[in-house]
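A.B. asks: fold the following.
(one chain, ligands or ions: 2)
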Amino acid sequence: MKKVMLIILDGLGDRPHPSLKYLTPLQAAEIPNMDLMASKGLLGMQYPIAPGVPPGSDTGHLSLFGYNLDEEYPGRGIFEALGEGITLRDGVAFRANFATVSERNGELIVEDRRAGRISGEDAEVLASEISRMSLLRGEVEAEFVHTLEHRGFLILRGDGLSSQVTDVDPHEVGYPVLEPLPIEEEAMKTARALKEFLIRSHEILKGHEVNRRRVKEGKPPANFILPRGASKPVNLERFGDRWGFKPAAVAAGPMYKGIARALGFEVHHPEGATGLPDSDFRGKIREALDLLGEFDFVYVHMKGTDVASHKKDPKLKVEVLERIDEALEQITDPPEDLLVVITGDHATPCLLGKHSGDPVPILFFGKGLPRDDASNFHELDASLGGAGWFLGGDLMKLILNYSDRSLEYGLRPLPRRRWYIPRREELTPLRI
Ligand code: ZN
Ligand code: ZN
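C.D. replies: Ligands and ions are numbered 1, 2, ... in the order given. Below is the predicted model of the structure:
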């Protein structure tokens, strides 16, 4: 049986770009270590959710970790909250930014989704003004928790609340703030409470002296709370139980830590890991290798590739890939019992600057695996690779297979688990 290191390069997949002479960033980058692993390993292409469906980072990850999004996806807010160390026991949580809006013909137009990245005392003072609010004549209590800069969480508590409401955030500047609409009938009350919070908090914020001063100083006023990604507390099955691993995560971005925590990974955030293109990638791989002493599944998240893509900066993406490649030198000669898997949670083509439904290259590398003829880690070779094209939801089964852990189809030594060979301590011996 092998241990597993799953490295997710966020937004890895890409398209040919004119400023790279119509190469993809993976093709244009000098990545000798990834190429070496590709030439000795097995390449393929995976659609994290389904062909043509652009995943969010949360949904892309959950799907790759083998969770059924239609049945198990709790919404994004819960992961972001967990990543910030906020545990939600009841209620509905929204990720909620300070934003700048202006009034036009009775609509609120989003001018800046981050209110000029407001921070420090300004943000704290404004947050304290709206930190508690009683809504719907006391039926619902609202709490606003400020975290960093313009970011925070809005939590609604009360009976009969639902996370099935539409986003208030139009996700585009110049668009109007949207009315929260119930997606299911049980969400009527949540939508009404949310609307009341939005209007009342806007009243408080727009006239506040901090904002009047900000306007005088030429700064955007933080006059609106823009919620998105409603979610309820969840009890997701632990990753370790589902797939038979003892898992750890190496990540810096709050949401990725949140996903890992929600799934029961032990989360490690090495010093120097920033969740940005300047992160200490080498330190992350070193940490992951250390953790493999105690854990048999280590997930490593690198965000820099996606950040470069959102900036529509293919040259930065090439640079990030090259720095990551240097860090991967540490695993080009892995121990017998290590399976390395490198892929992304979705494609983020630099040309688009946003996530797309394109397939993402994937590399399986370790001793004793099947091989193929592909020799470079990029979209073209991966599309011809021996692992073929598959759905991200099947990744964990392939990982079990290549790490020699999969259970023959139809065997049932445990009532609930069906994919992996159980450990001795999981089995119930017949006592006589
Ligand atoms: Zn992502
Ligand atoms: Zn992204």
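A.B. asks: quick check: longest strand of the chain.
C.D. replies: Using DSSP state E to define each element, the chain has its longest strand at strand 92-104.
A.B. asks: for that one, what is the distance to the chain centroid?
C.D. replies: From the chain centre to the centre of strand 92-104 is a distance of 21 Å (CA atoms, centre = their mean, to the nearest Å).
A.B. asks: excluding its backbone neighbours, what's nearest the residue in the chain that ligand 1 sits nearest to?
C.D. replies: Closest contact between the chain and ligand 1, by CB to the ion, is at Ser57 (3.0 Å). (Glycine included, C-beta is placed from N, CA and C.) In space, and not counting its chain neighbours, Ser57 is closest to Asp345: 5.5 Å by CB to CB, 6 or more residues apart in numbering.
A.B. asks: what's the answer for Leu43, then?
C.D. replies: The shortest distance from Leu43 to any residue other than its chain neighbours is 2.8 Å, reached at Gly385 (CB to CB, 6+ apart).
A.B. asks: wait, the one you found sits on Gly44?
C.D. replies: Yes. Counting by CB atoms under 8 Å, Gly385 does reach Gly44; the two are 4.7 Å apart.
A.B. asks: show me where the stretch 101-250 of the chain has helices.
C.D. replies: Per DSSP state H, counting those that start in this stretch, the stretch 101-250 of the chain carries helices over the ranges 120-129, 188-206, 209-216, 239-243.
A.B. asks: immediately after whichever strand or helix holds Leu36, which helix or strand?
C.D. replies: Here Leu36, judged by DSSP states H and E, is contained in helix 32-40. Next helix or strand after helix 32-40 toward the C-terminus (DSSP H and E): strand 42-47.
A.B. asks: relative to strand 42-47, how tilted is the next helix or strand after that next one?
C.D. replies: The helix or strand immediately downstream of strand 42-47 is helix 57-64, counting by DSSP H and E. Between the axes of helix 57-64 and strand 42-47, defined by axes from the mean of the first three to the mean of the last three CA atoms, to 10 degrees, the angle is 120 degrees.
A.B. asks: what is the burial count for the residue nearest to Leu43?
C.D. replies: Under the neighbour criterion other CB atoms under 10 Å, Gly385 is assigned a count of 25.
A.B. asks: for the lowest-mean-pLDDT helix or strand in the chain, name the packing helices and strands.
C.D. replies: When the helices and strands of the chain are scored by mean pLDDT, DSSP states H and E, helix 77-83 comes last with a mean of 86. Secondary-structure packing of helix 77-83 (3 or more CB pairs under 8 Å, 6 or more residues apart in numbering; DSSP states H and E): strand 92-104, strand 152-157, strand 224-231, helix 254-262.
A.B. asks: so for the second one, mean pLDDT?
C.D. replies: pLDDT averaged over strand 152-157 equals 93, rounded to a whole number.
A.B. asks: mind checking how far that strand is from the chain centre?
C.D. replies: Distance, centroid of strand 152-157 to centroid of chain: 20 Å (CA atoms, centre = their mean).
A.B. asks: and the helices and strands packed on helix 77-83 as TSV, adding distance to ligand 1?
C.D. replies: Output for these, formatted as TSV (distance: least, CB to the ion, whole Å):
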stretch	distance to ligand 1
strand 92-104	15
strand 152-157	20
strand 224-231	14
helix 254-262	9
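A.B. asks: tabulate the ones you listed (CSV), appending mean neighbour count.
C.D. replies: Below are those laid out as CSV (neighbours: other CB atoms under 10 Å):
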stretch, mean neighbour count
strand 92-104, 24
strand 152-157, 23
strand 224-231, 24
helix 254-262, 24
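A.B. asks: nearest to Val360, of those?
C.D. replies: Among the helices and strands packed on helix 77-83, the nearest to Val360 by CB to CB is helix 254-262 (16.5 Å).
A.B. asks: quick one: list the elements packing against whichever helix or strand comes after the closest one.
C.D. replies: Note on helix 254-262: by DSSP H and E, the next helix or strand toward the C-terminus is strand 266-268. With contacts defined as 3+ CB pairs under 8 Å, 6+ apart, the packing partners of strand 266-268 are strand 247-250, helix 254-262.
A.B. asks: ok, strand 266-268: who's next to it in the sheet?
C.D. replies: Partners of strand 266-268 in the sheet, by DSSP bridges, are strand 247-250 (parallel).
A.B. asks: thank you kindly, that will do.
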